[in-house]
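*Asks:* Quick one, what's the 3D model for this:
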Amino acid sequence: MTKLSVNINKFATLRNSRGGNNPDVLKAAVDAQLFGADGVTVHPRPDERHIRYADVYAIKPIITTEFNIEGNSQEQKFIDLVLDVKPTQVTLVPDALGQITSNHGWDTIRHKDYLRETVALFQKAGIRVSLFVDPIIAMIEGAHETGTDRVELYTEAYAHAYHTDREAAITPYREAAIRARDLGLGLNAGHDLDLQNLHFFARSIPGLDEVSIGHALICDALYLGYENTIQLYKRQLQFP
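*Replies:* Residues are numbered from 1 along each chain as shown. Prediction:
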């Protein structure tokens, strides 16, 4: 079954808006796994506007689920963090400095040499590597050339078009997934997946290993409760 990794950045955003330690980000990480999540995801940024680097160090020893750190590997501070913490997986995202949220995948052809070197650096440390990519066959093939273990399909376009024509929305993702699997790549997905569009996506994508969901899940948790929401998202990943 496809694994659910809960991105807890929004807990940190709320904490940081007031100061202090409420909500407790470390408790959010522990509770995510207690409530059934298969993994915990964090995405530290240079300005530490949500997850702080200190949070990442503190989370690693207190969870037993998979730990996924997302971020921009063009920042040396991020590279040092990942090599120190040694998470289960690092997801490399081509964010610009100050970017509000991730909004595009890697150009794996243009940046092939850089990515090949960076992927190898993390793999040497025993860390699984995933590259954030758009659902474009050429980008999938370019990712394969870097030696990465997995790709994470950037799903904003799917989520945006889902309510208009879900078959058209899913087609490039299905084709990208099939090509990734043909090349032996593991397959993750994330960005704007929610309780409305997740089940159809997961059911339509062959060999989907993991989805990473934060913003929508935490918004739902405000109304539905954290434990209940995680279970509802897990249910979307189950099929008869």
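*Asks:* Closest to the centroid, which residue in this protein?
*Replies:* residue 212 (4.1 Å; Cα atoms, centre = their mean).
*Asks:* Distance of that residue relative to residue 22?
*Replies:* In this structure, residue 212 and residue 22 are 25 Å apart, going by Cβ to Cβ, to the nearest Å. Every C-beta, even on glycine, is put in place using the N, C-alpha and C of the backbone.
*Asks:* now residue 60
*Replies:* With Cβ to Cβ as the criterion, residue 60 and residue 22 are 22 Å apart.
*Asks:* who has more neighbours, the two?
*Replies:* residue 60 (18 against 10; other Cβ atoms under 10 Å).
*Asks:* just checking, that one touches residue 67?
*Replies:* Yes. Residue 60 is in contact with residue 67 according to Cβ atoms under 8 Å; the separation is 6.0 Å.
*Asks:* hmm, back to that, which element is the residue nearest to the centre of the chain on?
*Replies:* Assigned by DSSP states H and E, residue 212 belongs to strand 210-213.
*Asks:* what distance separates that strand from the middle of the whole chain?
*Replies:* Computed by Cα atoms, centre = their mean, to the nearest Å, the chain-centroid distance of strand 210-213 equals 6 Å.
*Asks:* That one pairs with which strands, and in what direction?
*Replies:* Taking DSSP bridges as the criterion, strand 210-213 sits next to strand 3-7 (parallel), strand 186-190 (parallel) in its sheet.
*Asks:* the strands in the chain, which residues?
*Replies:* 3-7, 39-42, 66-71, 89-92, 128-133, 150-154, 186-190, 210-213 (DSSP state E).
*Asks:* nearest to residue 108, of these?
*Replies:* Nearest of the strands of the chain to residue 108, taken as Cβ to Cβ: strand 128-133 at 6.4 Å.
*Asks:* How many neighbouring residues does residue 175 have?
*Replies:* 14.
*Asks:* Any chance you could list what contacts the longest helix anywhere in the chain?
*Replies:* Taking DSSP state H as the criterion, the chain has its longest helix at helix 166-182. By Cβ atoms under 8 Å, 6 or more residues apart in numbering, the residues outside helix 166-182 that reach it are 133, 135-137, 139-141, 143-144, 151, 153, 155, 157-158, 160-162, 186-187, 189, 197, 200-201, 204-208.
*Asks:* picking that back up, tabulate the strands of the chain (TSV), appending mean pLDDT.
*Replies:* Below are those laid out as TSV (pLDDT from 0 to 100):
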stretch	mean pLDDT
strand 3-7	98
strand 39-42	98
strand 66-71	97
strand 89-92	98
strand 128-133	98
strand 150-154	98
strand 186-190	98
strand 210-213	98
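*Asks:* Distance to residue 107 added to those strands, as JSON lines?
*Replies:* Shown next, in JSON lines, are the strands of the chain (distance: least, Cβ to Cβ, whole Å):
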{"stretch": "strand 3-7", "distance to residue 107": "24"}
{"stretch": "strand 39-42", "distance to residue 107": "23"}
{"stretch": "strand 66-71", "distance to residue 107": "18"}
{"stretch": "strand 89-92", "distance to residue 107": "13"}
{"stretch": "strand 128-133", "distance to residue 107": "9"}
{"stretch": "strand 150-154", "distance to residue 107": "12"}
{"stretch": "strand 186-190", "distance to residue 107": "19"}
{"stretch": "strand 210-213", "distance to residue 107": "21"}
